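> Sequence and predicted structure, then a few things I'm wondering about:
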Amino acid sequence: MLTEGAELVSFDEASARLGLPRRTLRQRLADGRVDVYQDGRDRRRRLVQVTDLDRLTQPTIVRQRQPSEPLGA
């Protein structure tokens, strides 16, 4: 959701900030974790919020370790 006063950047700027190729950024955005906005002045231009980019750089759990003993033991 777009927040008032949010900083929006183009895909080119976003990929530069993240150090990712545009293609990789598009793939990451395609999974729906980040909202993509259309520029009101140029309908072909897509924008993302800087705060959403910060979320893409945060570590995520890939696999949780299993407890060595059952709970309550």
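Sure thing, it's come through. Numbering: from 1, shown residues only.
> switch to C-alpha atoms for all contacts and neighbour counts from now on
Will do.
> From R65, how far out is the most centrally placed residue in the chain?
For the chain, L56 is the residue whose C-alpha lies nearest the centre (CA atoms, centre = their mean; 3.9 Å). As judged by CA to CA, to the nearest Å, L56 and R65 stand 23 Å apart.
> What of R26?
31 Å.
> Have a look at those two and say which one is more surrounded.
R26 (13 against 7; other CA atoms under 10 Å).
> Secondary structure element holding the more buried one?
Per DSSP states H and E: R26 is located in helix 22-30.
> can you give me the angle the helix or strand A14 falls within makes with helix 22-30?
Per DSSP H and E: A14 is located in helix 11-18. Helix 11-18 and helix 22-30 are oriented at 90 degrees to each other (axes from the mean of the first three to the mean of the last three CA atoms, to 10 degrees).
> Next one: the residue nearest to the centre of the chain from V62, what distance?
In terms of CA to CA, L56 sits 14 Å off from V62.
> And for F11?
Taking CA to CA, one finds F11 at 26 Å from V62.
> Nothing else from me, thank you.
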